[in-house]
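# below: sequence and its predicted model.
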Amino acid sequence: MLIMKKLLISTIILGAVALGIYEFFSTNQTLGAVDPQIMDAYVDKGTFAEVQMLQTIPDEGEVKIEMIKSRPEVRLKKWNGEINMGVRYDDINAVGSLDTDKKFKWKKGQKELHAYPLKSKEGMEGGGVEIELVLKSKPATNVFNFQIDGAEELDFFYQSALTQQEIDEGASRPENVIGSYAVYHKTKANHRVGSTNYATGKAYHIYRPKAIDALGVEVWAELLYENGVLSVTVSQSFLNGAIYPVSVDPTFGYTTIGISQISIFSEDSWVAKFTLTENGDVEKLSRYGQDSSGSFSAKGLTYSDSSTYPNALQGGATQTATFTTTAAWKDLTYSISVSLSTGTYWIGVAVSADRCLCNYDSSTNEGNAFDSDTDNYTSPPDPHDGGISINTTVIQSIYATYTASGGGGGNTSNPPARMFIQNGQVMIQDSQIKLEN
């Protein structure tokens, strides 16, 4: 458990502008509604309809959603198709099509499955997809199973309710995240220059679903992922008294960011294990977070590993970055790249003020250290003094960007032009120029 002082947690406000190659999200769209521009975003590919989603960090690669026509199935692709996860509902045997309300629908008897893309919002900065099961009459069961495939290399981390101690120590978790799943790649994370930017390694977030009846009465449903099946359980008493039709709406968000937050006190530091699979020169660390009421400065730190604890500081601290009340990625750049050999290290931040809110997800991964000494920001310890608390159950929203020693890595050709969002700005980048508005 992290030993931290209580701090009032403010609401995250993402500053990213929802622009992309397809401008298919409007700023006044409510969650669950489909913007008219969505119609233009569906591209017929013969056996499926495709929607190109928003890229939110540089070199992330293509992000897509595919609606399979022949069966009720949606495929969520990320990182140029390296992740291709399918979500299928086998209890409906029907061919799907795009309906007049701009939702893709599969209809059979007393059940329908609807799927449609969602706008960029807090917790899914790359947009998402709503997979909505519509029950026209009381079903024979209150458990609805979705088959998941293409997830062999993914970990599904359940986000349980925070304990009172965690809340007292400054942690917060939104209500729709309690009972949800954060989905991470088992091995891929960080950004090798010239290759795909896996960032934190997070692929998706599956939010806690709701069941809503025809009068708008709603209740939280329960999620369980096990052995390739995502089960949604709805209260039987709700189904007994509901006015039909009832919709059950698991939501899948494209994000690289942890959805929960923890506060870090002035001069404290928080570092996480980082595995470098090849010799490389670390150029910068990227951390997601915000200030609760003003602004604070942060420095990035990289330590060697001494079994369980951070050890020697590598390359000193990075240049400072300023976090404000708008939650955003901030780059903590080294003046001179830090040359590291293959192995395990620790990366993290030390902060200057009490109001730091850092994002994370709960997990079963090992390797997070919190240091509550009073001089970590002003004079980061070298070697680390060991005055730390180890927390093994979180994944921090931080990653490293590095260049493989001896060259830029796997992609030596000029990449195509790309548009992405960084720190609330629209960025256009190709191999030769970089423009900022």
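Yep, it's here.
# relative to residue 244, how far out is the spatially closest residue to residue 264 that is not a sequence neighbour?
Here the nearest residue to residue 264 in space, its sequence neighbours aside, is residue 356; by CB to CB, 6 or more residues apart in numbering that works out to 4.3 Å. The C-beta positions use only the backbone N, C-alpha and C, and glycine is treated the same way. As defined by CB to CB, to the nearest Å, residue 356 lies at a distance of 48 Å from residue 244.
# for the stretch 301-437 of the chain, give me the ranges with low pLDDT.
Applying pLDDT under 70 to the stretch 301-437 of the chain picks out residues 366-367, 372-374, 386-388, 390-392, 406-437.
# quick one: the strands in it?
Per DSSP state E, counting those that start in this stretch, the stretch 301-437 of the chain has strands spanning 309-313, 321-323, 328-340, 343-351, 356-362, 368-371, 388-390, 394-396, 398-404, 418-422, 425-429, 434-436. These are given in chain order.
# to residue 204, which of these lies closest?
Proximity to residue 204 (CB to CB) singles out strand 356-362 among the strands of the stretch 301-437 of the chain, at 11.4 Å.
# pairing partners for the closest one, with directions?
strand 260-264 (antiparallel), strand 280-291 (antiparallel), strand 394-396 (antiparallel) (DSSP bridges).
# mind putting the ones you listed into a markdown table with distance to residue 250 and mean neighbour count?
Supplementary listing: those in a markdown table, determined by distance: least, CB to CB, whole Å; neighbours: other CB atoms under 10 Å:
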| stretch | distance to residue 250 | mean neighbour count |
| --- | --- | --- |
| strand 260-264 | 19 | 26 |
| strand 280-291 | 25 | 24 |
| strand 394-396 | 22 | 25 |
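# include distance to residue 143 when you put the ones you listed into JSON lines, please.
Rendered in JSON lines, the data for the strands paired with strand 356-362 read as follows (distance: least, CB to CB, whole Å):
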{"stretch": "strand 260-264", "distance to residue 143": "27"}
{"stretch": "strand 280-291", "distance to residue 143": "35"}
{"stretch": "strand 394-396", "distance to residue 143": "29"}
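# which stretch among these comes nearest residue 177?
Comparing the strands paired with strand 356-362 against residue 177 with CB to CB, the closest turns out to be strand 260-264 (6.5 Å).
# after the closest one comes which helix or strand?
The first helix or strand that comes after strand 260-264 along the chain, using DSSP states H and E, is strand 269-276.
# what lines up beside that following strand in the sheet?
Listed by DSSP bridges, the sheet partners of strand 269-276 and their directions read strand 343-351 (antiparallel), strand 368-371 (antiparallel).
# related to what we said a few turns ago, in JSON lines, list the strands of the stretch 301-437 of the chain along with distance to residue 289.
As requested, the strands of the stretch 301-437 of the chain are exported to JSON lines (distance: least, CB to CB, whole Å):
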{"stretch": "strand 309-313", "distance to residue 289": "20"}
{"stretch": "strand 321-323", "distance to residue 289": "6"}
{"stretch": "strand 328-340", "distance to residue 289": "7"}
{"stretch": "strand 343-351", "distance to residue 289": "8"}
{"stretch": "strand 356-362", "distance to residue 289": "4"}
{"stretch": "strand 368-371", "distance to residue 289": "15"}
{"stretch": "strand 388-390", "distance to residue 289": "19"}
{"stretch": "strand 394-396", "distance to residue 289": "10"}
{"stretch": "strand 398-404", "distance to residue 289": "9"}
{"stretch": "strand 418-422", "distance to residue 289": "15"}
{"stretch": "strand 425-429", "distance to residue 289": "18"}
{"stretch": "strand 434-436", "distance to residue 289": "22"}
